[in-house]
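*Asks:* Sequence first, then the predicted structure, then my questions.
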Amino acid sequence: MSLRRASIKELRGEVALFRRRALAGFALILLGLAGVVTRYVYLQVMHHDEFVARSEQNRVKPRAIPPARGLIYDRNGVLLADNVPAFRLEVTPEQVGDMDKMLSDLGAVVPLSDEDIATFKKQVKQSRRFDGVPLKLKLTEDEIGRFAVNRWRFPGVDVVPYLTRRYMMGPLFAHVIGYVSRIDADDLERMDDDEEASYKGTTHIGRIGIERAYEKLLHGEPGYELVEVNADGRTQAVLDTTPPTPGKNIYLTIDVRLQKAAEEAMNGRAGAAIAIDPRNGQVLAFVSDPTYDPNLFVNGISHADYTELTTSPDKPLYNRALRGVYPPGSTVKPFLALGGLTMGIRKPTDTVLSTGEFCIPGQSRCYRDDKRGGDGTVNMMGAIEHSTNTYFYRLALDMGIDRLSEWMGKLGFGKKTGIDLVGEVEGILPSREWKATRSKSGWFPGETIIAGIGQGYWAVTPIQLAHALATFAGHGVPYAPHLLLDTQDGVDSPRVPQSFPPTGPSVIRKPADWDAVNQGMIAVINSGKGTGKKLGIGFPYVIAGKSGTAERFSRKTDAYDTNKNKAYLASRHRALFIAYTPADDPKISVAVVLEAGAWGAEDSGPIARKILDQWVVDEGGPRPVDPEPGAPVTTSDATPEPAPAEASSVQGAQPAGAESTEPPDDNGDDQ
């Protein structure tokens, strides 16, 4: 009986236990179902749009389309910078599992240099993982074919077409146009968000020259396309396209024919030659020698090529026209004469007796003239014609350094000209203020005297000298030198002229002042006795000019240097020449600076003449007439005397770049 009751009790307990477990299980099922429903609502209702977009992004991806870079032409429409099709290897990092292994395996198919890999890894660090990063540029047909066969082995790697820059004239325009090169981390750091967005898909940016100065015009705006991709990220279809906006084409003021004539005339000698239209500031030729091939930099210059360029003693990467600084020598004398007339310190008929030396009143120290015994009594025109130092010693002393510096500053010396290129330097215009920042010794009269002949602390760039000459030739109206002539939206669109108005009123007070100096510069070339005699032979128009032979080193004694060896003289002198034509209504002005030359007129003069000859041909004017057989077309700056004619004879004078760094040993204040 007791056993039966126990059995009934156990049955009831089991039923109760089952019910509890069933309820617990049902509750868990309901809880799980509630979780599923909640998650469903979260995914399909609350965040439906977000996850639809994510899903779509896995299937459809946006891809930037880089714009075609604007083309660059000369003033006559000769193509200087073009875009040519090429192919590159591009990697999307997020689709690559083991990057190092991929690079190692890929290198066995397509040769990859250490520079390629180093540049790629640097760009990967500064790019988003879903953006394509260039690995190797400008693939050959053989490399493209070998990769195509092995493409399945490299997910995330693809061959992408692009346009690469090509400079048609090579070294001829290297220092004008500059070049583009691959965008690096420094470029990205300088960009704000909007700028960075405008470079999506773009691999190159203007580095120097016109390419950098007008980067915003040349670059354009990128476009986009939506592409459908498979699980491997391969493009299956293009769903939508927003085309890019190409960069504007640019027409330069430079004439290719004039540029070639200047380059050929320079013949590889270190220096610069610049031609400017004084009526508007347009740069017609801009040559810096030696030069280099900018195409080397476009897709990454090799270490060997870069080392060769940077270690070359000729410094071909150095833009001498824009950054080179040289003592101007006697080329400043016409500008100083104009200042004397403008300030009322001199009249054209005022004379000075040149006896071969000039002594500061009250001092025993004397400064020599170019010519032993001097030029005798000379007026302003004669002083310019013969480059008589004594005349300009006296004029500079009467003017005083303060007025001299102020006047020369009006012609653009001692400051940037404003040319539309990056990297221009200011040079040095001698002044009390400039010296006070570097010395506590004050300003001495002797420093004023040698400043009057373009020596001492003077340091001008070729573009400054060309700008000052163009300002004078343009009757004193200053224009900032510029290289941009026209822009164009496309090859079928009209050219849009760009405006560059004068930067100020004329610096010349009276036309008669200009006429007097102009007559002196005409006599330099056409009188038969000037320092540039015979340079005008056979030319259809009257040329006006001035030579300059600036000393690179201070003299150590009072003795005349009788060594006439040209190599020796070239090692000690800078050779300069400035000219413009037609003299009565100038349409072109030319400045030539050679880092080494025996005489200004003999070495730099013929370069200027060849540029002017080409200009006549370009303009369709009368052809230059060849001189008679045996008649020389050049002459020395000097008359037949033992001493060089343009070089300063000032003992202790300290031209820029001289061996000694001691200031002139003068006493007293400038008057």
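*Replies:* Great, that's in hand. From a predicted model like this one, the values you see are computed outputs, not experimental measurements.

*Asks:* now the longest helix that the chain contains, how far from the centre of its chain.
*Replies:* The residue-count maximum for a helix in the chain (DSSP state H) belongs to helix 2-40. Mean C-alpha position of helix 2-40 versus that of the full chain (CA atoms, centre = their mean, to the nearest Å) differs by 88 Å.

*Asks:* Output the contacting helices and strands for that helix.
*Replies:* Counting contacts by 3 or more CB pairs under 8 Å, 6 or more residues apart in numbering; DSSP states H and E, helix 2-40 packs against no other helix or strand. Backbone N, C-alpha and C define where each C-beta goes, glycine included.

*Asks:* Flag the shaky bits of the stretch 1-150 of the chain, pLDDT-wise.
*Replies:* Along the stretch 1-150 of the chain, the parts satisfying pLDDT under 70 run over 1-9, 51-60, 126-130.

*Asks:* sorry, that was for the stretch 351-500 of the chain
*Replies:* Using pLDDT under 70, the stretch 351-500 of the chain has no residue that qualifies.

*Asks:* where along it do the helices fall?
*Replies:* Remark: helices assigned in the stretch 351-500 of the chain by DSSP state H, counting those that start in this stretch are 380-386, 389-410, 432-436, 445-451, 462-473.

*Asks:* quick one: average pLDDT of stretch 607-621?
*Replies:* On average, the pLDDT along stretch 607-621 is 92.

*Asks:* can you pull the buried residues of that stretch?
*Replies:* Buried residues in stretch 607-621, defined by neighbour count with 16 or more other CB atoms under 10 Å: Ile607, Ala608, Arg609, Lys610, Ile611, Leu612, Asp613, Gln614, Trp615, Val616, Asp618.

*Asks:* mind listing the strands for the stretch 251-400 of the chain?
*Replies:* 271-277, 282-289, 352-354, 357-359, 366-368, 376-378 (DSSP state E, counting those that start in this stretch).

*Asks:* follow-up on the earlier one: same list, the buried residues of stretch 607-621, but as a markdown table with distance to Pro62 and secondary structure please.
*Replies:* Listed next are those as a markdown table, based on distance: CB to CB, whole Å; DSSP: H, G, I helix; E, B strand; the rest coil:
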| residue | distance to Pro62 | secondary structure |
| --- | --- | --- |
| Ile607 | 55 | helix |
| Ala608 | 57 | helix |
| Arg609 | 60 | helix |
| Lys610 | 56 | helix |
| Ile611 | 53 | helix |
| Leu612 | 57 | helix |
| Asp613 | 57 | helix |
| Gln614 | 52 | helix |
| Trp615 | 53 | helix |
| Val616 | 57 | helix |
| Asp618 | 50 | helix |
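
*Asks:* Correct me if wrong: Ile453 contacts Lys333.
*Replies:* Yes - when contacts are counted by CB atoms under 8 Å, Ile453 is listed as touching Lys333 (7.0 Å).

*Asks:* what residues are shared contacts of these two?
*Replies:* Residues within reach of Ile453 and of Lys333 at once, by CB atoms under 8 Å, 6 or more residues apart in numbering, are Phe392.

*Asks:* neighbour count winner among the two?
*Replies:* Ile453 (35 against 31; other CB atoms under 10 Å).

*Asks:* And that one, how close does it get to Leu309?
*Replies:* 37 Å (CB to CB, to the nearest Å).

*Asks:* do the same with Leu89
*Replies:* Noted for Leu89: a distance of 27 Å to Leu309, by CB to CB.

*Asks:* Same drill for the two, tell me which one is more crowded.
*Replies:* Leu89 (24 against 17).
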